[in-house]
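[1] One predicted model, sequence on top.
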Amino acid sequence: MMPPITISGLEDRAAQSKPRHTPPDRESPENRALHYKPDLRYQDRKHIRGLSSRSGFARCLTTISGVFPEDHVATKGRVLPRHRSLWGTRGICARSSVTSLLLGVGSMETKVISGVQFSSLPSNYIRPEHERPRLSEVMECQNVPVIDLGCEDKSLTIKQIGDACQEYGFFQVINHGVSKDAVDRILEVAHEFFSLPVEEKMKLYSDDPSKTMRLSTSFNVKKETVHNWRDYLRLHCHPLEKYVPEWPSLPSSFKDVVSRYCKEVRHLGFRLQEAISESLGLDKDNIKNILGEQGQHMAINYYPACPEPELTYGLPAHTDPNALTILLQDLQVAGLQVLKNGKWLAIKPHPYAFVINIGDQLQALSNGKYRSVWHRAVVNASVPRLSVASFLCPCDSATISAPKSLANAEESTIYRDYTYAEYYKKFWSRNLDQEHCLELFKN
């Protein structure tokens, strides 16, 4: 089998390449492909030149790249010609997902991976051998606490949360007050969104982290050398009246369903912050007061079934830059893993539970007592995975400074004072696979 050709590189080359002789609009599809892929190996170029039909040309692109559209699957492996609808005056119509992906021309440049079938993993997703997930070595974690927030003994709940923050940095909560209907509906509408046609989703695409609503892929494509097997819809969620108008209009129920979910999750987040504050021996409102009018972001993550999951990640090891993360996992398949004592442990989804993890800002505010731990998302070959992550974030102007009561009398706090805006900018300027961002803010 010929090795796959990377997609992103072809898009860049397509934008830069110019025909040498005949104007592109008057060239045959075969020669046009050669202009847009000048570094194909000789035998690949020769193979394309030998094609006499458009369907054969499409089949050749599929063979070379390892990429084929979903309608290719529906026709049991045959690439059917689209006649005039396939080839427009610019060479390639947006309806041809194969050629749009490979050449990056026509009315749409496809950059997402959801909605596209891959027969092999493109090379720009393959991790170096020493960075691969070693899935066979991962064990299911049996000890991550599952805390019942409906417990009548409030002091016991506060102690359990404090112990979990110190020992794991992660815990699950049940009887949390978020309705089952809100959970079911957001998972349903999230699946509907990622089932939309690629052309529809691409209207929302951006790789600019500063945008308050965007569909994107991987993590930070401008900084990465190897991509992650993940598409995601990123939303700002507070205040709702400011951000909801810019949210997707499809599916039609999206705005109502996600708005309701955001309200319920925000209330849960504040309850947890109060308990965390009390577990540190502080007033229950201490942490909330430091964080100010907190922002709320959401990432709806979609990890398609991956042809070679042992070679890549959904997201590599990272910590969260915010204060608190509330994660809703897909019950059908596990994918979240947490690093503890040098070993990766899989977090099994619990029905209608949320996974809670301490973000970098709570580690700093606790003066290092509570841990923002490394975690990652892995993928699998059989089914896609979906998760909904909600992030409570300090306001940009909030000064992150650990209370003096949490430092030894003769010592300064571990981390210097900084604003959240400063931290967030630094976080997004780096790759995920670098040192813990908090290390850059130590005294």
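    Cool, got the structure. Numbers count the residues shown, from 1 in each chain.

[2] Can you name the residues that contact residue 270?
    When contacts are counted by Cβ atoms under 8 Å, 6 or more residues apart in numbering, residue 270 is found next to residue 288. (C-beta placed from N, C-alpha, C; glycine too.)

[3] ok, which stretches of the stretch 151-300 of the chain are helices?
    The residue ranges that make up the helices of the stretch 151-300 of the chain, judged by DSSP state H, counting those that start in this stretch, are 154-167, 180-194, 198-201, 240-243, 254-279, 286-291.

[4] got these as CSV, with distance to residue 210 and mean pLDDT columns?
    As requested, those are arranged in CSV below (distance: least, Cβ to Cβ, whole Å; pLDDT from 0 to 100):
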stretch, distance to residue 210, mean pLDDT
helix 154-167, 31, 97
helix 180-194, 22, 98
helix 198-201, 20, 94
helix 240-243, 14, 98
helix 254-279, 21, 99
helix 286-291, 21, 97
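
[5] Quick check, pLDDT for residue 411.
    pLDDT, the model's per-residue confidence, is 77 for residue 411.

[6] Turn the helices of the stretch 151-300 of the chain into a markdown table, including distance to residue 226.
    As requested, those are arranged in a markdown table below (distance: least, Cβ to Cβ, whole Å):
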| stretch | distance to residue 226 |
| --- | --- |
| helix 154-167 | 32 |
| helix 180-194 | 23 |
| helix 198-201 | 23 |
| helix 240-243 | 32 |
| helix 254-279 | 31 |
| helix 286-291 | 34 |
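
[7] Please look at residue 285 and residue 274 and confirm they touch.
    Yes - distance between residue 285 and residue 274: 7.0 Å, which falls inside the contact criterion (Cβ atoms under 8 Å).

[8] higher neighbour count, those two?
    When residue 285 and residue 274 are compared for neighbours, residue 274 comes out ahead with 18 against 13, by other Cβ atoms under 10 Å.

[9] hang on, the more buried one packs against residue 286?
    No - checked against Cβ under 8 Å, the pair residue 274 and residue 286 is beyond contact range at 9.1 Å.

[10] need the contact list for the closest residue to residue 146 other than its chain neighbours.
    Of all residues beyond its chain neighbours, the one nearest residue 146 is residue 172 (4.6 Å), with distances taken as Cβ to Cβ, 6 or more residues apart in numbering. In this structure, residue 172 makes contact with 144-147, 347, 350, 353-356, judged by Cβ under 8 Å, 6+ apart.

[11] So what sits opposite residue 172 in the bridge?
    Using DSSP bridges, the bridge partners assigned to residue 172 are residue 146, residue 355.

[12] What separation do you get for it and residue 336?
    Residue 172 sits 11 Å away from residue 336, taking Cβ to Cβ, to the nearest Å as the criterion.
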